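Asker: Quick one: sequence and predicted model below, then my questions.
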Amino acid sequence: MTSGQPQNRLRGIDSLRGLAALAVVLFHYTTGYEFMLGRSGSGLLFYLPTGCFGVQLFFLISGFVILRTLERTSDLKTFAVARFARLYPPFFVCATLTLIVIALTHWHLANLNAKAIAINYTMLAQLIGVKEIDPSYWTLTYEVLFYAGAALIWFRLRPKCRLEVPCLIWLGCSLAGHLVDDISNHHRLSTLINVDYANLFVLGMMLYYLSQGRGSRLTIPTFGAALLMALFPPGVNAVGVVLSRIEYISLIASFWALIWLASNGERRFLDFPPLVFLGEISYSLYLVHQVIGFTIIHALLRAGMEPNVAIFTTIAFIVALAACLRIFVEKPAERWIKNSTKPPARAALAHRSAHAGEVC
């Protein structure tokens with residue numbers, strides 16, 4: 001464990017985040033770029049059409065880590081402030097950078113009016129049904145709705161019932177969405193109850209209980225129900241990548257097993273510094289990689305650069321940009337917001353402890 005990092009941080013989970021982010025980036029820069037911009041036969045050394053399923057790994061990890069976070073949070077207000085501090089400042093900056101690139105290149109401008117842009121800054125564009133500033137931002141709505149729901153249940157209902165009970169109800173609503181066309185075709189309702197991805201968040205939460213040895217008689221049935229829900233994979237995505245039911249459920253089970261291994265700190269599974277680094281910057285990397293990356297690749301190709309070199313040059317630039325955003329936006333903004341919302345006495349104590357090297 002390097003100096004200055006929390007000692008209870010699961011570096012293997014960070015590595016999985018890094019792998020998920022890298023898979024999504026490679027998918028977009030190969031399969032996604034050629035599909036969206038109409039290039040084919042460009043002589044790429046590889047394609048990664050299944051890299052789009054890195055999103056599913058992100059959702060599983062979110063389900064796992066949210067319970068770790070909730071257990072270390074005293075109340076709903078503190079949790080809400082912490083999530084806002086973690087998610088929104090880098091999103092505001094990255095979305096604005098993306099808008100600037102869009103304005104300069106006149107790409108992706110259709111349906112991005114002032115109202116749509118304002119809605120985008122809430123991270124709820126997918127729920128409301130407006131076009132995202134960056135196509136990758138569709139996942140943010142699912143994350144925000146999950147965090148809000150998990151927090152409300154944890155701080156309001158948990159003393160009265162185990163989390164497995166609301167999770168089973170959620171899975172039932174999701175199953176109904178798959179079976180009833182009127183629900184699955186109703187965009188806002190389908191997004192609100194998370195028809196396609198609810199089971200991934202639930203799988204992550206049940207994994208956390210099992211990894212901590214705190215499962216109940218409902219934990220395994222809830223896990224089994226969530227895994228079986230993978231027999232209803234999401235529809236064909238934007239570039240036509242789809243897996244069979246057996247392939248999809250096998251993929252989800254494999255992701256679950258990887259998180260299980262990575263969550264055991266004693267094994268140091270995937271504790272690989274380059275992947276840990278990618279995991280630490282994965283949020284900003286995800287936020288800036290698509291529109292900005294596509295613009296850079298397009299410019300390099302027009303300048304005559306060989307496609308493979310253009311892609312890897314773009315990856316290097318985007319990783320460097322994400323690292324800068326992590327250092328100069330994510331961490332300072334999160335620290336400032338958390339400290340500014342603490343009572344004066346607690347904020348002063350945290351400030352003194354930080355200078356004494358006691359707080360990471």
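Answerer: Yes, it's here.
Asker: so the residue most central in space within the chain is in which element?
Answerer: Centroid-nearest residue in the chain: residue 58, 4.7 Å away (criterion: CA atoms, centre = their mean). Per DSSP states H and E, residue 58 falls inside helix 54-71.
Asker: residues in contact with that helix?
Answerer: For helix 54-71, contacts defined as CB atoms under 8 Å, 6 or more residues apart in numbering pick out 13, 16-17, 19-24, 27, 79, 82, 139, 142-143, 146-147, 150-151, 154, 163, 197, 200-205, 207-209, 251-252, 255-256, 258-259, 263. Every residue, glycine included, has its C-beta placed from N, CA and C.
Asker: and what of stretch 115-130?
Answerer: Here stretch 115-130 makes contact (CB under 8 Å, 6+ apart) with 87-88, 91-92, 95, 99, 111, 131-133, 137-138, 140-145, 187-188, 191-192.
Asker: How about stretch 245-260?
Answerer: Defining contact as CB under 8 Å, 6+ apart, one finds that stretch 245-260 is touched by 13, 16, 50, 53, 56-57, 60-61, 64, 200, 203-204, 207, 210-211, 227-228, 230-233, 243, 270.
Asker: Go through these and flag which are in helices.
Answerer: Secondary structure assignment by DSSP state H places 13, 16, 56-57, 60-61, 64, 200, 203-204, 207, 210-211, 227-228 of the contacts of stretch 245-260 in helices.
Asker: Any of the contacts of stretch 115-130 buried? List them.
Answerer: 87-88, 91, 95, 99, 131-133, 137, 140-145, 191 (16 or more other CB atoms under 10 Å).
Asker: Assign residue 130 to helix, strand or coil.
Answerer: The three-state assignment at residue 130 reads coil, by DSSP: H, G, I helix; E, B strand; the rest coil.
Asker: roughly how far apart are it and residue 36?
Answerer: Look at residue 130 and residue 36: by CB to CB, to the nearest Å, they are 19 Å apart.
Asker: Which one's more surrounded, these two?
Answerer: Neighbours were counted for residue 130 and for residue 36 using other CB atoms under 10 Å; residue 130 has more, 18 against 15.
Asker: What about the more buried one? Give its phi and psi, please.
Answerer: Backbone torsions for residue 130, taken as degrees, to the nearest 10, come to phi -110, psi 160.
Asker: so what pLDDT did it get?
Answerer: On pLDDT, residue 130 comes in at 92.
Asker: same check, this time on residue 46
Answerer: On the pLDDT scale, residue 46 is placed at 78.
Asker: Chain neighbours aside, what residue packs nearest to it?
Answerer: With sequence-adjacent residues excluded and distances taken as CB to CB, 6 or more residues apart in numbering, residue 46 is closest to residue 30, at 6.8 Å.
Asker: And that neighbour, how close does it get to residue 315?
Answerer: 11 Å.
Asker: which residues sit in contact with the closest residue to residue 155 other than its chain neighbours?
Answerer: Of all residues not flanking residue 155 in the chain, residue 76 sits nearest, at 4.3 Å (CB to CB, 6+ apart). By CB under 8 Å, 6+ apart, the contact set of residue 76 is 151-152, 155-156.
Asker: Same question for residue 341.
Answerer: Taking CB under 8 Å, 6+ apart as the test, what residue 341 contacts is residue 81.
Asker: Phi, psi for it please.
Answerer: Dihedral pair for residue 341: phi -100, psi 0, per degrees, to the nearest 10.
Asker: Setting aside sequence neighbours, what's the nearest residue to residue 136?
Answerer: Leaving aside its sequence neighbours, residue 136 sits nearest to residue 290 (CB to CB, 6+ apart; 4.6 Å).
Asker: what's around residue 235, how many residues?
Answerer: Residue 235 has 8 neighbours, counted by other CB under 10 Å.
Asker: Hmm, I typed the wrong one, I wanted residue 299.
Answerer: 13.
Asker: got a list of contacts for the host helix or strand of it?
Answerer: Using DSSP H and E, the element containing residue 299 is helix 291-302. Helix 291-302 has contacts (CB under 8 Å, 6+ apart) with 25, 28-29, 33, 36-37, 39, 97-98, 101-102, 105, 107-108, 133-135, 307, 309-311, 313-315, 317-318, 321.
Asker: again, only this time at 6 Å
Answerer: 98, 101, 105, 134, 310, 314, 318 (CB atoms under 6 Å, 6 or more residues apart in numbering).
Asker: Any of those buried? List them.
Answerer: 98, 101, 134, 310, 314, 318.
Asker: Quick one: those residues as JSON lines, columns for secondary structure and distance to residue 294 too.
Answerer: Listed next are these as JSON lines, based on DSSP: H, G, I helix; E, B strand; the rest coil; distance: CB to CB, whole Å:
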{"residue": "98", "secondary structure": "helix", "distance to residue 294": "11"}
{"residue": "101", "secondary structure": "helix", "distance to residue 294": "9"}
{"residue": "134", "secondary structure": "coil", "distance to residue 294": "10"}
{"residue": "310", "secondary structure": "helix", "distance to residue 294": "11"}
{"residue": "314", "secondary structure": "helix", "distance to residue 294": "9"}
{"residue": "318", "secondary structure": "helix", "distance to residue 294": "11"}
